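Q: Here is the input, now give the coordinates:
(chains A, B, C and D)
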2 protein chains.
Amino acid sequence: MTVPTGRRERKKAATRQKIAETAMRLFLERGYDAVGIRDVAAEADVAVTTLFSHFAAKEALVFEQDEGFEQRLAQAVTDRAPHEPLIPALRREIHALVRHCTADSAAPVWRMIDASPALREYEESMRLRHAETLGAAIAADPGLAPTPIAARTIARFVIDAYALAREAPDPQAAVDEIFQMIESAWQVTRRPGDHDHDRDSDRDRA
Amino acid sequence: MTVPTGRRERKKAATRQKIAETAMRLFLERGYDAVGIRDVAAEADVAVTTLFSHFAAKEALVFEQDEGFEQRLAQAVTDRAPHEPLIPALRREIHALVRHCTADSAAPVWRMIDASPALREYEESMRLRHAETLGAAIAADPGLAPTPIAARTIARFVIDAYALAREAPDPQAAVDEIFQMIESAWQVTRRPGDHDHDRDSDRDRA
DNA sequence: ACCGTAGCACTAACAGTTAGTTTATCGAAA
DNA sequence: TTTCGATAAACTAACTGTTAGTGCTACGGT
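A: Model prediction:
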């Protein structure tokens, strides 16, 4: 593992970044749908195939730095302080992510995303991946030992919190409100004593 | 408005159904990715443009009957018995949906869907719509009066339950497990006012 | 019987994406 | 240094989903 780089990898990274920057500039100037892949490739002075060797799809040009999100979420679980409860750690991370993507500097980008169905759909499919990664991290935590179902469920809830808060009028408050619900849902999975198929919390008792 | 048919609408419906049946047959025979739109159109003996006038996208050929899902979910909220609590009604509906799509007869179709990233992504984006519709129905219920955020959150959680249960080894049990979590999350939103009929049977006494 | 509408077809194209193939540059072993 | 394998990047050329544009025909209401 050569952590320092060779010239080759530096050039590759430079090409990738040049493509991404050019694409974002054109998208913001003329609108996402009005810019074609061939436009981006020409402006970045690379071949179309080269562009696709760096980015799997047109939409990926917009979500260039979202690879780190997946890792950060998983790390919020795996790298948290010993004995620190799960949900507050996740809440802190989601808070940070929401703050990051509702910053003023990111506003034009998100306006563009919200205006394009293709981009919104792509974002949602990314979140699916994130939820699965996060679910795996939660399931793997030896201090928690949740049901596989419970782990994946909490993971999806957390991702939902991110998605919903991003669109809420007061994103930070929304995160807190949703995480109260998540906390409660999580507590239910912590009680093994709740006998099997009970309809305890349903009607039956009116 | 003639609610009974004209010949025209009958023919249109027949064309639509013929396209859908042909598409499904070809997809199951040769695989989704191996069949092109032009193949389907030719085999159904219609023009490509005709096909697209009936279905918005190739993926929509597979999810032909999923328009009703959206309505059924919303109706599970709006049409439920007076004073019936929200969550059990939704759980019943999700149970029915999961049972329906894990039936043996539907197995090949879902195997095909699971094998195709494009179809999975399309399904996710459908679920997003479903969640928004459901959230609106919950928010509009005068007997509940939840926060807008809470309504949309519960809606997404319910859709998550459907998605997760569909893939679980024991789908019915998964629905129950997840709905215990949802019930608990919902109760949190009931705490402050805690007036009418949404049960004194939550925890607090466990 | 007439006319407007709407379903459908056809051609042609556009946009994203993917082979298949080739060149040139780099990293390191000889 | 020289050589050699690997790989980034190029180019060509297509394939696939999707959409305009246009016109014909048949249906349905009057």
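Q: So what touches the lowest-mean-pLDDT helix or strand in chain A?
A: Scoring the helices and strands of chain A by mean pLDDT, DSSP states H and E places helix A:7-30 at the bottom, with a mean of 88. Contact partners of helix A:7-30, identified using CB atoms under 8 Å, 6 or more residues apart in numbering or on different chains, comprise A:5, A:35, A:39-41, A:43-44, A:46, A:50-51, A:54-55, A:61-62, A:64, A:108-109, A:112. (Each C-beta comes from the backbone N, C-alpha and C, glycine too.)
Q: any idea how far A:Ala118 lies from A:Asp160?
A: 21 Å (CB to CB, to the nearest Å).
Q: then the least confident helix or strand of chain A to PDB, C-alphas only?
A: The C-alpha coordinates for helix A:7-30 follow below in PDB (Å, rounded to 0.1, in the frame of the first residue of the first chain):
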ATOM      1  CA  ARG A   7       2.600  10.700 -10.700                       C
ATOM      2  CA  ARG A   8       0.100   8.500 -12.400                       C
ATOM      3  CA  GLU A   9      -2.400   8.500  -9.700                       C
ATOM      4  CA  ARG A  10      -2.000  12.200  -9.300                       C
ATOM      5  CA  LYS A  11      -2.800  12.800 -12.900                       C
ATOM      6  CA  LYS A  12      -5.800  10.500 -12.700                       C
ATOM      7  CA  ALA A  13      -7.100  12.400  -9.600                       C
ATOM      8  CA  ALA A  14      -6.500  15.700 -11.500                       C
ATOM      9  CA  THR A  15      -8.500  14.500 -14.500                       C
ATOM     10  CA  ARG A  16     -11.300  13.400 -12.200                       C
ATOM     11  CA  GLN A  17     -11.400  16.600 -10.400                       C
ATOM     12  CA  LYS A  18     -11.300  18.700 -13.600                       C
ATOM     13  CA  ILE A  19     -14.200  16.700 -14.900                       C
ATOM     14  CA  ALA A  20     -16.200  17.200 -11.800                       C
ATOM     15  CA  GLU A  21     -15.500  20.900 -11.500                       C
ATOM     16  CA  THR A  22     -16.300  21.500 -15.200                       C
ATOM     17  CA  ALA A  23     -19.600  19.600 -14.900                       C
ATOM     18  CA  MET A  24     -20.700  21.400 -11.800                       C
ATOM     19  CA  ARG A  25     -19.900  24.800 -13.400                       C
ATOM     20  CA  LEU A  26     -21.800  24.000 -16.500                       C
ATOM     21  CA  PHE A  27     -24.800  22.500 -14.600                       C
ATOM     22  CA  LEU A  28     -25.100  25.600 -12.400                       C
ATOM     23  CA  GLU A  29     -24.700  27.900 -15.400                       C
ATOM     24  CA  ARG A  30     -27.100  26.300 -17.800                       C
END
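Q: Tell me the helix or strand right after it.
A: helix A:37-44 (DSSP states H and E).
Q: Counting by contacts, list what that next one packs against.
A: Here helix A:37-44 touches helix A:7-30, helix A:48-54, going by 3 or more CB pairs under 8 Å, 6 or more residues apart in numbering or on different chains; DSSP states H and E.
Q: I'd like the average pLDDT over it.
A: The predicted model assigns helix A:37-44 a mean pLDDT of 92.
Q: Also compute the angle for that helix relative to helix A:7-30, please.
A: 120 degrees (axes from the mean of the first three to the mean of the last three CA atoms, to 10 degrees).
Q: List the buried residues of helix A:37-44.
A: For helix A:37-44, a neighbour-count test (16 or more other CB atoms under 10 Å in any protein chain shown) marks A:Val40, A:Ala41, A:Ala44 as buried.
Q: So which of these is the closest to chain B?
A: A:Val40 (22.6 Å; CB to the nearest CB).
Q: which ones are touching the residue of chain A found nearest DNA strand D?
A: When scored by CB to the nearest atom of the strand, chain A has A:Thr50 as its residue closest to DNA strand D, at 2.8 Å. By CB under 8 Å, 6+ apart, A:Thr50 lies in contact with A:Thr15, A:Ile19, A:Ala41.
Q: rerun at 10 Å
A: A:Thr15, A:Arg16, A:Ile19, A:Ala41, A:Ala44 (CB atoms under 10 Å, 6 or more residues apart in numbering or on different chains).
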